[in-house]
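> based on what follows, work out the 3D shape:
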Amino acid sequence: MKKLLILIVPLIIIGCAQNAQVEFGINDEAQIMGTSGNLAMRVLRIEVPEEDVYTVIWEGVKYVEIPIHSSDFISITDTYIDINPGTYDEVRITADSLRFVQNTSRKTLIDKTFQFTAQPFSPIVIENGDEMKLVIYVASSNWFDSGTGELKPNHKPFEGAGLKVYYEYR
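Numbering: from 1, shown residues only. Okay, here's the model as predicted:
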């Protein structure tokens with residue numbers, strides 16, 4: 001019996017070592033799918049912090065319409081751009097002319113240039129030779145009421161914006 005136990009214990013340990021470990025996450029745009037309209041704006045600049053200053057990694061004028069409550073990837077840069085390897089815990093976006101677009105109506109929410117930051121849940125590490133897509137999650141349910149088409153009282157646009165590595169599933 002003792003010999004049998006000695007043989008079974010290592011098999012149990014080996015069997016347990018093959019179990020997977022899973023991290024669970026949640027994404028609010030997947031909770032409420034629908035056609036609530038779009039948030040439209042012109043993106044002017046993307047910056048990353050390096051030491052005590054922000055460094056511009058992309059600059060231009062890109063009009064984007066972001067479907068509300070959608071996980072679609074809408075490109076800002078239209079192609080891969082160079083970025084220094086490092087650990088990133090924030091990006092700053094400069095944009096202007098934020099509007100709510102639904103069917104044929106357009107409602108201006110911000111009619112001037114503004115900035116917001118987006119932070120990942122944990123820092124994103126970019127190593128030499130990496131090629132990845134990063135998506136800025138605008139978190140519209142935090143600051144925008146799609147029922148009224150208005151900014152929520154006492155909230156700032158893009159409040160709670162996030163940054164994620166984007167994975168395409170085919």
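> does whichever strand or helix holds Leu44 pack against any helices or strands, and if so which?
Secondary structure from DSSP states H and E places Leu44 in strand 38-50. If you count contacts as 3 or more C-beta pairs under 8 Å, 6 or more residues apart in numbering; DSSP states H and E, strand 38-50 packs onto strand 53-67, strand 91-102. Glycine gets a C-beta too; all of them are placed from N, C-alpha and C.
> tabulate those in a markdown table, adding columns for mean neighbour count and distance to Pro123.
Below are the helices and strands packed on strand 38-50 laid out as a markdown table (neighbours: other C-beta atoms under 10 Å; distance: least, C-beta to C-beta, whole Å):
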| stretch | mean neighbour count | distance to Pro123 |
| --- | --- | --- |
| strand 53-67 | 13 | 16 |
| strand 91-102 | 18 | 12 |
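> just tell me which of those ends up closest to Thr117.
strand 91-102 (5.0 Å; C-beta to C-beta).
> average pLDDT for that closest one?
In this model, strand 91-102 has an average pLDDT of 93.
> kindly report the same for stretch 144-157.
91.
> end to end, how far does that stretch reach?
From its first residue to its last, stretch 144-157 covers 7 Å (C-alpha to C-alpha, to the nearest Å).
> pull out the buried positions in it.
144, 146, 149, 151, 157 (16 or more other C-beta atoms under 10 Å).
> ok, back up a step: show me the contact partners of the strand holding Leu44.
Strand 38-50 is contacted from outside by 54-68, 76-77, 83-84, 86, 88-102, 106, 113, 138, 140, 144, using C-beta atoms under 8 Å, 6 or more residues apart in numbering.
> now the helices and strands packed on strand 38-50 in CSV, with distance to Leu163?
Formatted as CSV, those follow (distance: least, C-beta to C-beta, whole Å):
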stretch, distance to Leu163
strand 53-67, 13
strand 91-102, 6
